[in-house]
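Asker: Provided below for reference: sequence and predicted model.
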Amino acid sequence: MTDVTNERASRFEREVQAVRVRGGTVARERLLARAGVALMLAGIGIGIFAYVLSHGTTNALQQRDALVVALIGVTLSIAGLAAFLRYSLGALLRLWLARLVADREQPR
Amino acid sequence: MTTVEASPLVELRGITASYGPIDVLHGIDLAAPPGAVTALLGPNGAGKTTTLRVLAGLHPATAGDILLAGRRVNGARADDLARAGLCLVPEGRGVFPNLSVRENLRVATHAGHGLAQVEEVAYARFPKLGERRAQLAGTLSGGEQQMLALARAVATDPGVLLLDELSMGLAPIVVGELYEQVARIAAGGVAVVVVEQFARIALRVADRATVLVGGRVAAEGTPGELEGSLADVYLGGNR
């Protein structure tokens, strides 16, 4: 290796050492998309449970508790939906981008 | 061409990647040492561009290792890799058509490298760009646009340069000029990876080449070793 090559390679090596690495993203994205679905379902389940809780009593305090539980369910559902869309759409957009590149390479 | 003896600055080991449910790369191995041109060849749809995108951190690998200067960087963000000195010139040049040559070069300015320095480097390498500094990039010829994309890339002082389909839509004489510059860039200590559909063009300057077919490595070697077997590989005789 020449001196120039050596110098540039060692500078690059130093720069790469400073790169932040988060780990494999594909498995993480799949996991988060599944967690999103699970959260959505859990939110719906909690909502139904809150409805039954509220319906089974005439005590206003218990009904207010049920209301709080229902709101937690709704929040979980929205968070789950957001996570699912974010991590499933990421994959879909990549596929769309690949199609775009392929179409450009082979114009019809 | 240089003698390849350095340990690779860029290395892919058993890389697989997919778009949704479709697997497009099946265990790609690639190594690019500094100061050399490594060509990634193959027909349309072989997975060349995806391999570059995986290398640049723009597409996730589902398995395998991406090593830069010996460090595993799977999952690193593309902007972090770019900041470290990994530069991708995408297919289609990626210049801003509504900005002038000078303004396009301004995009490549970074800490410690002002416009004057970037212009000096760019115009020394491509004097034609200096003559057209005030012209809109969209009105340049295809070859000049590619020169601008290369000049902008070099101005960022990359350690690794990834070039996607440099020759696309260009006249052979212009392609020859561009590849001469690529060889000079590599001689400056940069690890250059060139994706090229037209194998013979890239093999003129490449030190080593890997041929992909259907997302798999079909052949690997020096241009001399590959020259005779290229037709077989491209036409499926060596799969």
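Answerer: Cool, the structure landed.
Asker: Next, residue B:193: secondary structure please.
Answerer: Of the three states, residue B:193 takes strand under DSSP: H, G, I helix; E, B strand; the rest coil.
Asker: wait, residue B:40
Answerer: With three-state DSSP as the basis, the three-state label of residue B:40 is strand.
Asker: contacting residues around it?
Answerer: B:30, B:48, B:51, B:52, B:193, B:194, B:195, B:196, B:209, B:210, B:212 (C-beta atoms under 8 Å, 6 or more residues apart in numbering or on different chains). C-beta coordinates here come from the backbone N, C-alpha and C atoms, glycine included.
Asker: The first one is in contact with residue B:14, isn't it?
Answerer: What that stands for is residue B:30. No - checked against C-beta atoms under 8 Å, the pair residue B:30 and residue B:14 is beyond contact range at 10.5 Å.
Asker: neighbour count winner among those two?
Answerer: residue B:30 (23 against 13; other C-beta atoms under 10 Å in any protein chain shown).
Asker: is the lowest-mean-pLDDT helix or strand in chain A anywhere near chain B?
Answerer: Least confident helix or strand of chain A, by mean pLDDT, DSSP states H and E, is helix A:3-17 with a mean of 81. Yes - using C-beta under 8 Å from any C-beta of the partner chain, helix A:3-17 reaches chain B at A:4, A:5, A:6, A:7, A:8, A:9, A:11, A:12, A:13, A:15, A:16, A:17.
Asker: For the residue nearest to the first one when sequence neighbours are not counted, which three-state class applies?
Answerer: Spelled out, it's residue A:4. Excluding the flanking residues, the one nearest residue A:4 by C-beta to C-beta, 6 or more residues apart in numbering or on different chains is residue B:189, at 4.6 Å. State at residue B:189, reduced to three classes by three-state DSSP: coil.
Asker: ok, residue B:189 - contacts?
Answerer: Residues in contact with residue B:189 (C-beta under 8 Å, 6+ apart) are A:2, A:4, A:5, A:6, A:7, A:8, A:9, B:34, B:35, B:159.
Asker: State the phi and psi torsions of the residue nearest to the first one when sequence neighbours are not counted.
Answerer: In this case it means residue A:2. Using C-beta to C-beta, 6+ apart and skipping the chain neighbours, the partner closest in space to residue A:2 is residue B:35 (6.6 Å). Phi and psi for residue B:35, reported as degrees, to the nearest 10, are phi 70, psi 20.
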